[in-house]
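>>> Compute the structure for the input listed below.
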Amino acid sequence: MELFIKTLTQTDIHKRFAIPTNSLMHFPGFRGRYSVDFNVKDKSHRLWTFRCSIRKRSYRKPVFSSGWLEFIRLNNLRIGDKITVRKEHSDVIGVGQYKIEVRRKITLLGKDVWADVL
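Now for the predicted structure:
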């Protein structure tokens, strides 16, 4: 199940990755906490650990923080790249695996196409 697609911004590249609030319900339960760590697998099957945090007051605005900037740096991601996050369900009830995909717009034979980065 696709949770969201987002085009990377300067803030996403240099500070933290803001995610759509409506996708928050698909991430591990916070159970009274303001952050939770979870694992995400990229297309090369490398496992990454990200921290999803929300604000303590008012608007919850979820962001990926810890682990995110390392992912950006090691994969040479740029402003304008598209991130897709999916959750795939397993045979065990309530258990799922998160996947992340990255695509970049390139010009090929005079036409813009989206190519997999990860």
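
>>> Check which helices and strands the lengthiest strand in the chain sits against.
Counting by DSSP state E, the longest strand found in the chain is strand 96-108. Strand 96-108 sits against strand 35-41, strand 82-89, strand 111-116, with contacts defined as 3 or more C-beta pairs under 8 Å, 6 or more residues apart in numbering; DSSP states H and E. Every residue, glycine included, has its C-beta placed from N, CA and C.

>>> Please settle this for me: is residue 13 part of a helix?
Yes: applying DSSP: H, G, I helix; E, B strand; the rest coil, one finds residue 13 inside a helix.

>>> Tell me how far it lies from residue 72.
Relative to residue 72, residue 13 is positioned 6 Å away (C-beta to C-beta, to the nearest Å).

>>> and what of residue 28?
Distance from residue 28 to residue 72, counting by C-beta to C-beta: 22 Å.

>>> Test of understanding: give the bridge partners of the residue positioned nearest the centre of the chain.
Residue closest to the average C-alpha location in the chain (C-alpha atoms, centre = their mean): residue 85, at 5.2 Å. In this entry, residue 85 is beta-bridged to residue 4, residue 100, by DSSP bridges.

>>> In this protein, which helix is the longest?
The residue-count maximum for a helix in the chain (DSSP state H) belongs to helix 68-74.

>>> Just the buried positions in it, please.
Neighbour-count burial for helix 68-74, counted by 16 or more other C-beta atoms under 10 Å, picks out 68, 69, 71, 72.

>>> before we move on, what about stretch 109-118?
Buried-residue list, stretch 109-118, by 16+ other C-beta under 10 Å: 117, 118.

>>> Quick one: end-to-end distance for that stretch.
Stretch 109-118 has an end-to-end distance of 22 Å (C-alpha to C-alpha, to the nearest Å).

>>> Stretch 28-47 too?
Length of stretch 28-47, first residue to last, C-alpha to C-alpha: 17 Å.
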